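**Q** sequence-free structure coming up:
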C-alpha cells in the first residue's frame with residue numbers, strides 16, 4: 001500500500017509549542033496517516049490504474065491537482081495512504097489511467113464530481129468511497145438520498161449556507177438549516193459538513209444510504225472562535241517597491257484579498273481575524289489566487305496551510321516567498337494610456353471565461369501598467385480587456401477587435417495599449 005507525504009501543497013512554517021493563547025512562532029499539527037479505500041464500478045476495465053487526485057480549491061479545482069497512483073487492494077478496490085496534518089480538510093476525487101488518458105469519475109446522475117471531502121481529525125483514519133461511474137462508461141444504478149438539518153450546538157439555531165458534501169455531491173443549507181442530497185449510490189458514504197467562513201467547527205460522520213430511501217442526518221455544529229493573526233511577508237528579492245501585495249485565502253477575512261502594508265524593515269504585514277481550529281489555505285499575490293500569485297522553487301503554485309490552535313487569541317506568522325514568476329515562461333508587461341477617469345483602472349483576462357478584475361498600477365496621469373508574471377504558459381492567445389469597475393461593466397467606449405496576447409515566450413513582452421474614451425465619460 002502506498003504511503004505518501006503530501007509536500008507540494010502544504011507548506012510548513014516556523015516551530016512552536018501549541019496550546020498557548022499568544023503565539024509568536026507556529027508549525028502545523030503533526031502529520032497522521034490516512035488511508036483512502038475506493039471500490040470501482042463493475043464496468044471498470046481490468047489492469048488500468050486508479051488515481052487519487054488531491055485538489056486545490058484556492059487556486060481553483062481545475063488547476064494545480066496532484067495525481068497519485070493507488071495500489072490494488074482487491075479485485076475491484078484500490079487504496080492509498082498519505083500523511084496529512086491533523087485538522088486538514090482534504091478535497092479530492094478519483095480517476096483511472098487508461099490508454100486514452102486520465103478518465104474522471106462521475107456521479108450516479110452522470111455529472112462530473114467536483115470534489116469529495118474528508119476531515120482528518122485524528123490518526124489511523126480510513127475513508128471508504130464508492131465510485132458510481134466513469135465519464136466514458138456511464139453505469140445505471142439505484143440511488144438514495146441524505147437529508148436533514150444543520151443547527152448550532154447548544155442553542156439549536158438553524159445554520160444557513162453551510163456546505164454539506166456526500167459522495168462527491170454538495171448542497172448548502174437554506175435559511176432554516178435544511179438540506180437534501182439526492183442521487184447517492186447505496187452503501188456507506190462519508191458526510192462532511194463545514195462552514196466556508198470558518199464560523200463553526202467542521203463535522204464528519206458516516207451515512208448509510210439505501211436504494212430509493214432517505215437517510216436522515218441532523219447535525220449540530222460547535223461555534224468557533226477567532227484569533228488575531230499578524231501576517232509578516234518578505235517578498236521575492238526582485239519585488240518592485242510600491243506594487244501592492246495581497247494575501248488571499250479560502251475563509252474569513254482572507255477571502256476579501258486584503259492589501260498588506262509596508263513595514264520599516266522592507267517586509268509587508270497585516271493583522272487579520274482568522275478562525276481557529278479549521279483548515280485555512282492562503283497565499284500571497286500581486287493579483288488573485290490564480291493570476292500573479294507566489295510560486296515555489298520548481299515554479300508551481302504555492303499554497304500555504306494554517307490551522308490556528310484552539311484557544312489561541314493572538315498569533316504572528318512570518319512567511320518568505322521565492323518568486324512571483326513561474327520558471328517556465330517570461331512575464332508580460334501591459335502599459336495603458338487612457339483618459340484619467342479619476343478612479344481605479346482594471347485589467348481582466350479570459351481563460352475559458354472572464355476571470356476576476358485586477359487593479360492596474362498607476363504610473364502617472366493617464367498612464368497605468370500591470371506586469372503579468374504568471375501564468376503565461378497558455379498555448380492559445382490570451383484575451384484581455386480594460387475597465388473601470390470591479391465588475392468590469394464599464395469598458396472602453398469604442399472597442400475594436402478583442403485584445404489578445406500570445407504566451408509561452410522566453411523573454412518579457414511589452415504590450416502598449418491605448419483607450420480613447422471610457423463608456424459614459
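**A** Okay, I see it. Because the structure is predicted, anything quoted here is derived from the model rather than measured.

**Q** Packing partners of the helix or strand where residue 230 lies?
**A** Element membership of residue 230, judged by DSSP states H and E, is strand 226-234. If you count contacts as 3 or more C-beta pairs under 8 Å, 6 or more residues apart in numbering; DSSP states H and E, strand 226-234 packs onto strand 268-275, strand 314-320. Quick note: C-beta positions are derived from backbone N, CA and C, even for glycine.

**Q** Same list (those strands) but as CSV, adding mean pLDDT.
**A** Compiled in CSV, those are given as follows (pLDDT from 0 to 100):
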stretch, mean pLDDT
strand 268-275, 97
strand 314-320, 95
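
**Q** Kindly reformat those strands as JSON lines containing distance to residue 52 and mean neighbour count.
**A** Output for the helices and strands packed on strand 226-234, formatted as JSON lines (distance: least, C-beta to C-beta, whole Å; neighbours: other C-beta atoms under 10 Å):
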{"stretch": "strand 268-275", "distance to residue 52": "28", "mean neighbour count": "19"}
{"stretch": "strand 314-320", "distance to residue 52": "29", "mean neighbour count": "18"}
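
**Q** Among these, which comes closest to residue 356?
**A** strand 268-275 (19.6 Å; C-beta to C-beta).

**Q** which parts of the next helix or strand after the closest one are buried?
**A** The helix or strand immediately downstream of strand 268-275 is strand 280-285, counting by DSSP H and E. Of the residues in strand 280-285, those buried under the neighbour-count criterion (16 or more other C-beta atoms under 10 Å) are 280-285.

**Q** average pLDDT for whichever helix or strand comes after strand 280-285?
**A** The C-terminal neighbour of strand 280-285 among helices and strands, as given by DSSP H and E, is strand 304-306. When pLDDT is averaged over strand 304-306, the result is 97.

**Q** Could you do stretch 132-152 as well?
**A** pLDDT averaged over stretch 132-152 gives 94.

**Q** shaky segments in the chain?
**A** Counting by pLDDT under 70, the chain contains low-confidence residues at 1-24.

**Q** Break it into its domains for me.
**A** When the chain is parsed with automatic domain parsing, its domains come out as 3-134, 143-221, 226-320, 332-418.

**Q** Same list (those domains) but as TSV, adding distance to residue 424.
**A** As requested, the domains of the chain are exported to TSV (distance: least, C-beta to C-beta, whole Å):
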stretch	distance to residue 424
domain 3-134	33
domain 143-221	35
domain 226-320	26
domain 332-418	7
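
**Q** re the thing from before, closest one of the buried residues of strand 280-285 to residue 183?
**A** For these, the minimum distance to residue 183 (C-beta to C-beta) is 28.9 Å, reached by residue 281.
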